[in-house]
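> I would like the atomic coordinates for the input below:
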Amino acid sequence: MVELSTLDWAVLAGFFVLLLGVVVMSMRQKEEDTADYFLAGRNASWLVIGASIFASNIGSEHLVGLSGSGAQSGMALAHWEMQSWIILLLGWIFIPFYWSSKVYTMPEFLERRFNSKSRTFLSVISLISYVLTKVAVTVYAGGIAFKTILGIESIWGIDFFWISAIGLVVITGIYTVLGGMKAIMWTSVLQTPVLIIGSLVILVVGLDKVGGWAEVERINDANMHLIRSASDAEFPWPGIVFGSFIIGFWYWCTDQYIVQRVLSAKGIKEARRGTMFAGYLKLLPVFIFLVPGMIAYALNVKGIISYESADQAFPTLVAELLPAGVKGIVIGGLVAALMSSLASLFNSSATLFTIDFYKKFKPESSEKHLLKVGRIATIVIVVLGLLWIPVMSLIADVLYEYLQSVQSLIAPGIAAVFLLGLCSKRITPTAGFVGLVSGFVLGMIRLVLLPFKDDLTGSSFAWITTMNWLYYCILLFVVVVAIMIVVSIFTKQADEEQLKGLTFSSLDKATMKEVAAGLDKWDYIHTAGIIGITAFIYYRFW
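Down below sits the predicted model:
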């Protein structure tokens, strides 16, 4: 159990006072319409966008889950944390399409490129993915962390896991509902440094306790390598390289959860530079989240600390290693991670349901009524996510591996539809819709069968559950691409007017002029810098 000093409590209190101040400031900037509430009035700067992208991505599942994967499999899952170059693709290539179309959501963009059925179905997929991954994973990670750190089993006969998890959900929900996207964007600026500082503290203290970096490398040994054998049962290099790109492309370039931050920008220039800032920040998680897990494994081997499961690695480091006065910073970082991810999730869920469902079927609804509907929709999404938590352990043993495993079933179909839709005018509206449906159905078949993996041994369905999850992701992507190409051959292409500005070959001159006008040498320098750092990390841990 952690005994918090007066200084620890002062740090935590200061964090929450600042958070309250930001929310109050956001509330005073009254939302006039849905653009204000969901996209912060489209007036965000590069600093706010970059910090918000990072804070939205880095949740308690990283502190708990990524550290857990570091403790269990070393650098294997670091590929997902070195996708800054994919964030650059969002900034350099995809922003012009999204920005010029002035859409609120990614499903709305698909409606313009393909048809209304594609928009509706992508909204369904996105909301389901929020339930299966973002809500369930974030809340579970937060509950595990606080129960382990504080050492409290139950209160009034109720498991403290649920008390801590649901309590933070309620607090985050209140400030998200009251402040809207402005509150989320500005609290991200506050939460990001707290999150980074807290994680750096645990990294430095952990390295000191274990005896330095050389000792971490010695004990983790083979797990220090990013690239594993093609025959590796869990992380074969072809699966890691191509599978992680498919998942990363979906997440960074097409998912409402991330792209909504970019859509809040003042213009294309600010949006692009926001992704560059996020690209630099995204290089940190390997060292401040995954490496502490490897340190925890080394300390466990040495008998300095002990934990029951890999997902307890990070909270155990906090509980057993940190001196008085520092715990408040780290716990504040953990709170910041949980709240920033949940806040972004709440707003994205509300946006998707309100804009792509409710407003579509009830276009006469007032702006005030739409805001109310969005808030109610968020509550429903959170409840469904909580109900899914008990099923998670049946799919994967480690939290972060569960997260990537489920995303590998959702990502391929969506990634294929966006990629082919932007690259070729020949991909038809029917092909876009069929691609979404086939990708989702094939992915959900495996998800439904995974909990019954042992029972399927020897049956004709066994290969679906036994195939490596990364190879299944690649296979799913290839199958959806093939289906879309075949369907496009036999169905009618969209007319030129509909496609204007929505494919590479039809992007209008005004948008291209705006893109070119905002470029200077620093854009190229920062892009080269991010790619260079990423390449060096791969070289170092090859």
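
> Please look at Phe242 and Ile474 and confirm they touch.
Yes. With contacts counted by Cβ atoms under 8 Å, Phe242 reaches Ile474, the gap being 5.2 Å. (C-beta placed from N, C-alpha, C; glycine too.)

> more neighbours, those two?
Ile474 (19 against 16; other Cβ atoms under 10 Å).

> Strands of the chain, start to end?
154-155, 158-159 (DSSP state E).

> Please look at Thr254 and Ala416 and confirm they touch.
No. Thr254 is beyond contact range of Ala416, at 10.4 Å (criterion: Cβ under 8 Å).

> Can you pull out the low-pLDDT segments for the stretch 51-200 of the chain?
59-61, 145, 148-151, 174-192, 194-195 (pLDDT under 70).

> Next, the contact list for Ile246, please.
Neighbouring residues of Ile246 by Cβ atoms under 8 Å, 6 or more residues apart in numbering: Ser408, Ala411, Pro412, Ala415, Cys473, Ile474, Phe477.

> The fifth one and Gly239: what is the separation?
Counting by Cβ to Cβ, to the nearest Å, the gap between Cys473 and Gly239 amounts to 7 Å.

> the more surrounded of the two?
Shown here are Cys473 and Gly239; by other Cβ under 10 Å, Cys473 has more neighbours (29 against 21).

> can you pull the contacts of the residue lying closest to the more buried one once chain neighbours are set aside?
Leaving aside its sequence neighbours, Cys473 sits nearest to Ser408 (Cβ to Cβ, 6 or more residues apart in numbering; 3.8 Å). By Cβ under 8 Å, 6+ apart, the residues touching Ser408 are Gly243, Ile246, Ile247, Trp469, Leu470, Tyr472, Cys473.

> As JSON lines, these with distance to Pro451 and pLDDT would be great.
JSON lines is the format used below for the contacts of Ser408 (distance: Cβ to Cβ, whole Å; pLDDT from 0 to 100):
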{"residue": "Gly243", "distance to Pro451": "22", "pLDDT": "90"}
{"residue": "Ile246", "distance to Pro451": "24", "pLDDT": "94"}
{"residue": "Ile247", "distance to Pro451": "21", "pLDDT": "91"}
{"residue": "Trp469", "distance to Pro451": "14", "pLDDT": "89"}
{"residue": "Leu470", "distance to Pro451": "20", "pLDDT": "91"}
{"residue": "Tyr472", "distance to Pro451": "16", "pLDDT": "93"}
{"residue": "Cys473", "distance to Pro451": "19", "pLDDT": "94"}
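
> Quick one: those residues as a markdown table, columns for distance to Lys368 too.
Rendered in a markdown table, the data for those read as follows (distance: Cβ to Cβ, whole Å):
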| residue | distance to Lys368 |
| --- | --- |
| Gly243 | 44 |
| Ile246 | 41 |
| Ile247 | 38 |
| Trp469 | 45 |
| Leu470 | 47 |
| Tyr472 | 46 |
| Cys473 | 43 |
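
> Closest one of the residues you listed to Leu47?
Ile247 (27.5 Å; Cβ to Cβ).

> Pull the number of nearby residues for the closest residue to the closest one other than its chain neighbours.
Once flanking residues are discounted, Ile247 sits nearest to Ala411: 4.6 Å by Cβ to Cβ, 6+ apart. Ala411: 27 surrounding residues under other Cβ under 10 Å.

> Against Phe277, how distant is Ala411?
25 Å.

> just Thr491 next, same as before
42 Å.

> Please identify which of the two sits among more neighbours.
Between Thr491 and Phe277, counted using other Cβ under 10 Å, Phe277 has the larger neighbour count: 21 against 14.

> Contact partners for the more buried one?
Phe277 makes contacts with Trp46, Leu47, Ile49, Gly50, Ala51, as judged by Cβ under 8 Å, 6+ apart.

> Let's see that with 7 Å instead.
The neighbours of Phe277, taking Cβ atoms under 7 Å, 6 or more residues apart in numbering as the test, are Trp46, Leu47, Gly50.

> List only buried entries from the residues you listed.
The neighbour-count test (16 or more other Cβ atoms under 10 Å) marks Trp46, Gly50 as buried among the contacts of Phe277.

> Just the contacts of Phe277: which are in helices?
Trp46, Leu47, Gly50 (DSSP state H).

> nearest to Ser154, of these?
Comparing the ones in helices among the contacts of Phe277 against Ser154 with Cβ to Cβ picks out Gly50 as the nearest, at 40.8 Å.

> Could you verify my assumption that that closest one touches Gly274?
Yes. Assessed by Cβ atoms under 7 Å, Gly50 is found in contact with Gly274 at 4.5 Å.

> who's more crowded, Thr254 and Ala416?
Neighbours were tallied for Thr254 and for Ala416 using other Cβ under 10 Å; the higher tally belongs to Ala416 (28 against 24).

> Contacts only, for Pro292.
Going by Cβ under 7 Å, 6+ apart, Pro292 touches Ser67, Gly70, Ile202, Leu203, Gly206, Phe314, Leu317.

> Tally up the residues packed near the residue nearest to the second one when sequence neighbours are not counted, please.
Translated: Gly70. In this structure, Gly70 finds its nearest non-sequential neighbour in Gly293, 2.5 Å apart by Cβ to Cβ, 6+ apart. Neighbours of Gly293 under the rule other Cβ under 10 Å: 31.

> Verify the contact between Gly293 and Ser73 for me.
No. Look at Gly293 against Ser73 with Cβ under 7 Å: they stay out of range, at 9.2 Å.

> returning to what we had before: Ser424: which of the strands of the chain is closest?
Closest among those, using Cβ to Cβ: strand 158-159, at 52.3 Å.

> how distant is the closest one from the center of its chain?
29 Å (Cα atoms, centre = their mean, to the nearest Å).

> next one: stretch 499-508
Relative to its chain's centre, stretch 499-508 lies at 28 Å (Cα atoms, centre = their mean).

> And that stretch, what's buried?
Counting neighbours by 16+ other Cβ under 10 Å, stretch 499-508 gives Leu499, Gly501, Leu502, Thr503, Leu507 as buried.

> Going by distance to Thr428, which of those wins?
Of the buried residues of stretch 499-508, the one sitting nearest to Thr428 (Cβ to Cβ) turns out to be Leu499, at 10.8 Å.

> residues near Glu215, how many?
Neighbour tally, Glu215, other Cβ under 10 Å: 16.

> pretty sure it is touching Val301, no?
No. Glu215 is not in contact with Val301 according to Cβ under 7 Å; the separation is 10.0 Å.

> any common contacting residues for those two?
With Cβ under 7 Å, 6+ apart, Glu215 and Val301 have no common neighbours.

> Excluding chain neighbours, what is closest to Ala271?
In space, Ala271 is closest to Ala265, 3.6 Å off (Cβ to Cβ, 6+ apart).
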